[in-house]
Structures are given as C-alpha cells and as structure tokens.
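**Student:** Only the shape, not the letters, is given here:
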C-alpha cells in the first residue's frame with residue numbers, strides 16, 4: 001500500500017498501464033461478458049420473432065457444412081442428454097459454482113473485511129441467504145410440480161376455466177392418454193403432464209408447475225439476493241481499500257517521462273493485479289446479479305398477472321394468422337388470446353404461494 005501525500009512514482013515501481021498482460025485479459029474478459037449479455041438480451045427479445053428463428057436456422061445450416069458429420073452427431077447426443085432428458089448435470093454444476101464463489105468469499109474477502117472492521121452482520125448475510133437458498137433449491141428439485149394422473153384428472157379439470165383459444169376443452173394428451181386440464185402441458189423432458197405448467201428448469205432438474213412455483217420463485221429471489229449482497233460487500237471492500245491507501249491521490253511517471261495522475265482505469269488495473277480473484281469474483285457476481293434480477297422481475301411480473309411462462313411464450317394469439325401450418329376455416333378470424341385467469345394482484349399471488357387443495361375441493365363440489 002501507498003503512504004500519505006502525493007509522491008511521484010517511477011514506471012518501475014508501479015505497473016505500466018500500456019503493457020500489462022493482466023489488463024489485456026481484463027479487457028477481453030469484460031468484452032466476453034458484454035457479448036454474453038448482448039446475446040442473452042437478443043435471445044430474450046427476439047425469441048418470439050420469425051426473423052431470429054430463421055437466422056438461427058440459416059446459421060445451423062452453415063455450421064452443418066463446416067463441422068464433420070460425426071462431430072455433429074456427437075454434439076446432438078450431448079445436447080439431447082443435457083436439455084431433453086432428466087439428469088443432474090446442471091444441478092451439480094450449480095452447486096459447484098456456488099461452492100467456488102463462497103469458498104473465495106470465505107478464503108479472502110471475509111478475512112480481509114474483518115481486518116477492515118466490517119460489521120459481522122453484513123459479512124454473515126451471504127451465508128444466511130445461502131442456507132435459505134439451498135432450502136428452496138432442494139424444495140424446487142424434489143417437490144411434485146403437479147403431475148396429472150388418472151386419480152386426480154377430474155379434480156384438475158375443474159380448477160381452471162377453459163378459454164377455448166389457448167386451452168380448448170376435450171383435448172387429450174396423446175402420450176399420457178389423459179384429458180388435458182386448462183393451463184396444463186405435457187413436458188417432453190419429464191414425460192408427464194403438469195398442472196399449470198410454467199417451464200422445465202434444467203438447474204433444478206424438474207418442471208415448474210402449480211405446486212412448486214412458490215418454491216422456485218423463492219429460490220430465484222434468494223439466489224439473486226445472495227449474488228447482489230456478495231457483489232456489494234466485495235465492491236465496498238475494494239473501494240474502502242482504495243480510499244484508505246490513498247492510491248487515487250498518487251501520481252506516477254510513465255515510460256515517456258510524463259507525470260500522470262492515477263485514473264479509474266489505472267485503479268481497476270491495480271486492483272486486478274493485486275487481487276485478481278476478488279476482482280474476477282466481483283465481475284462474475286455483478287453480471288449474475290443483473291441476469292438473475294432481470295429474470296426475477298420477469299417471473300414476478302408473470303406471477304402478478306397470473307400468467308405462466310408457457311402462456312407468455314405462446315403469444316398473444318392462439319391462432320396465428322402468420323403461421324401457415326395452423327389450419328383453420330377460411331372464413332374464421334384469428335381469435336385473440338385474453339388472460340381470463342387474472343383476478344387481481346393479491347388473489348394471483350395467493351394462488352401461487354398458497355395453492356390450497358381445499359379451494360379445489362370446494363370448486364369440485
């Protein structure tokens with residue numbers, strides 16, 4: 001660390017801003033994160049557009065001419081195993097990433113923050129959030145999402161009203177040979193029909209449906225909070241370190257002999273070279289916080305209007321006039337989809353977080 005005052009530092013005693021491999025890696029890493037975020041936003045925004053689907057299809061055709069056929073078959077088998085069969089790959093990956101992040105936090109950040117006299121309440125908050133998150137993570141993994149069987153088929157058929165647009169009456173699942181209740185869907189990964197199907201999540205290796213949506217939202221909330229808390233604690237630690245050491249007040253002499261004032265880029269470079277793992281961790285949890293926060297807001301919005309991800313993805317029209325494969329009478333007009341299941345904010349949230357069987361029993365009577 002540097003002492004007080006503003007002494008002049010030679011180029012030999014301070015890292016050169018222009019010729020540092022670590023700084024090149026940092027720039028490349030930030031560029032990589034920017035590209036990941038851009039790709040994520042493009043997929044979220046354009047996933048429902050025919051243009052993006054056509055672009056992906058054309059890109060796949062181009063790669064099919066470049067990549068050998070044997071490698072293509074191997075890649076397809078791996079992708080099919082990862083995303084179209086139930087397996088614990090992403091569950092294990094999730095736990096490994098969480099373990100690596102918390103190991104780094106415990107090994108370096110926690111001890112250094114104690115030396116700087118941080119409040120123990122703030123330092124232990126990520127651990128508390130981790131415990132709660134693992135509880136809801138486990139519940140999301142093991143809880144039955146609402147599997148439809150012969151025994152409960154009639155009960156589920158009376159829970160939600162059929163809108164005759166997205167969910168028509170008297171439709172049978174060809175795989176399960178069951179009548180499909182409104183808002184249900186057959187999951188090809190789990191090979192079962194799920195009541196109030198939202199989506200299949202590879203990170204919990206389970207469907208998200210009527211009975212575990214509350215656990216999944218709580219898991220997502222605590223995971224976002226733990227990442228954001230760790231990002232804040234780590235960032236505050238780095239800022240306090242810079243302020244206490246007076247690095248931002250220093251000057252240095254570059255290779256050309258000119259006197260330079262330490263700027264923000266130079267500070268980031270200095271911190272990255274001094275605490276590379278901590279800076280890498282801060283970047284990772286910050287990006288993770290933004291991604292999880294965005295998805296959490298989207299999920300809470302759907303919960304507030306009582307709409308599932310499956311219903312949102314199907315779009316605003318059940319009969320899409322731009323889809324040539326969907327047959328309809330020539331004189332028939334496309335029927336606009338209207339969410340008939342929203343009954344106010346509190347009723348919608350109560351339906352998700354308190355899915356009482358008694359209400360369904362009363363409806364049955």
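**Tutor:** Structure received. These numbers were taken from a predicted model, which means no experiment stands behind them.

**Student:** Spatially central residue for the chain, please.
**Tutor:** Centroid check for the chain by CA atoms, centre = their mean gives residue 292 as the closest residue, at 4.3 Å.

**Student:** for the helix or strand hosting that residue, which positions count as buried?
**Tutor:** Following DSSP states H and E, one finds residue 292 within helix 276-304. Neighbour-count burial for helix 276-304, counted by 16 or more other CB atoms under 10 Å, picks out 278-279, 281-293, 296, 299, 302-303. Where you see a C-beta, it was placed from the backbone N, CA and C, and this is true even at glycine.

**Student:** Next, the contact list for the residue nearest to the centre of the chain, please.
**Tutor:** 220, 223-224, 227 (CB atoms under 8 Å, 6 or more residues apart in numbering).

**Student:** follow-up on the earlier one: and the next helix or strand past the helix holding residue 292?
**Tutor:** With DSSP H and E, the next secondary element past helix 276-304 is helix 309-314.

**Student:** tell me the mean pLDDT for that following helix?
**Tutor:** Confidence for helix 309-314, expressed as mean pLDDT, is 90.

**Student:** Give me the contact list for the helix or strand sitting right after that helix along the chain.
**Tutor:** Following helix 309-314 in sequence order, the next helix or strand is helix 345-353 (DSSP H and E). If you take CB under 8 Å, 6+ apart as the criterion, helix 345-353 is touched by 213-214, 217, 303-306, 342.

**Student:** Pick out the lowest-pLDDT one from those.
**Tutor:** When these are compared, residue 342 shows the smallest pLDDT, 90.

**Student:** Report the contact partners of the spatially closest residue to it that is not a sequence neighbour.
**Tutor:** Nearest non-adjacent residue to residue 342, counting by CB to CB, 6 or more residues apart in numbering: residue 306, 4.4 Å away. Listed by CB under 8 Å, 6+ apart, the contact set of residue 306 reads 339, 341-343, 347-348, 351-352.

**Student:** For ChimeraX, write the select line for the buried members of the residues you listed.
**Tutor:** Filtering the contacts of residue 306 down to the buried ones (16+ other CB under 10 Å) takes a single ChimeraX command:
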select :341,348,351,352
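
**Student:** Okay, residue 215 and residue 250: tell me how far apart.
**Tutor:** 51 Å (CB to CB, to the nearest Å).

**Student:** Now render the contacts of helix 345-353 as a markdown table, adding distance to residue 143.
**Tutor:** As requested, the contacts of helix 345-353 are arranged in a markdown table below (distance: CB to CB, whole Å):
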| residue | distance to residue 143 |
| --- | --- |
| 213 | 10 |
| 214 | 9 |
| 217 | 13 |
| 303 | 17 |
| 304 | 22 |
| 305 | 24 |
| 306 | 20 |
| 342 | 24 |
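
**Student:** Distance of the residue nearest to the centre of the chain relative to residue 264?
**Tutor:** Distance from residue 292 to residue 264, by CB to CB: 27 Å.

**Student:** next one: residue 134
**Tutor:** As judged by CB to CB, residue 134 and residue 264 stand 37 Å apart.

**Student:** So which of the two has more stuff around it?
**Tutor:** residue 134 (15 against 8; other CB atoms under 10 Å).

**Student:** Dihedrals phi and psi, the more buried one?
**Tutor:** phi -70, psi -30 (degrees, to the nearest 10).

**Student:** what does residue 172 give?
**Tutor:** phi -110, psi 150.

**Student:** same check, this time on the one 4 residues further on
**Tutor:** Per-residue torsions, residue 176: phi -90, psi -10 (degrees, to the nearest 10).

**Student:** Which residue, other than its chain neighbours, is closest to residue 234?
**Tutor:** residue 282 (4.7 Å).

**Student:** From what I see, that neighbour and residue 235 are in contact.
**Tutor:** Yes. When contacts are counted by CB atoms under 8 Å, residue 282 is listed as touching residue 235 (5.9 Å).

**Student:** where does the stretch 1-150 of the chain dip in pLDDT?
**Tutor:** 1-57, 59-60, 63 (pLDDT under 70).

**Student:** Going by residue numbers, what spans are strands in the stretch 1-150 of the chain?
**Tutor:** 8-9 (DSSP state E, counting those that start in this stretch).

**Student:** buried stuff in the longest helix anywhere in the chain?
**Tutor:** Ranked by residue count under DSSP state H, the longest helix found in the chain is helix 213-245. Neighbour-count burial for helix 213-245, with 16+ other CB under 10 Å as criterion, is recorded at 213-234, 237-238, 241-242.

**Student:** Tell me the spacing between the closest residue to residue 343 other than its chain neighbours and residue 296.
**Tutor:** Excluding its sequence neighbours, the residue lying closest to residue 343 (CB to CB, 6+ apart) is residue 306, at 7.1 Å. Remark: distance between residue 306 and residue 296 (CB to CB) = 17 Å.

**Student:** Residue 189 - how many residues pack around it?
**Tutor:** 16.

**Student:** three-state assignment of it?
**Tutor:** coil (DSSP: H, G, I helix; E, B strand; the rest coil).

**Student:** mind listing what residue 215 touches?
**Tutor:** Counted by CB under 8 Å, 6+ apart, residue 215 has contacts 136, 139-140, 143.

**Student:** Just confirm residue 260 is within a helix.
**Tutor:** No. Read with three-state DSSP, residue 260 is strand and lies in no helix.

**Student:** That one touches residue 251, doesn't it?
**Tutor:** Yes. Between residue 260 and residue 251 a contact is recorded at 6.5 Å, counting by CB under 8 Å.

**Student:** Those two: who's more crowded?
**Tutor:** In this view residue 260 and residue 251 are compared by other CB under 10 Å, and residue 260 has more residues nearby, 17 against 13.
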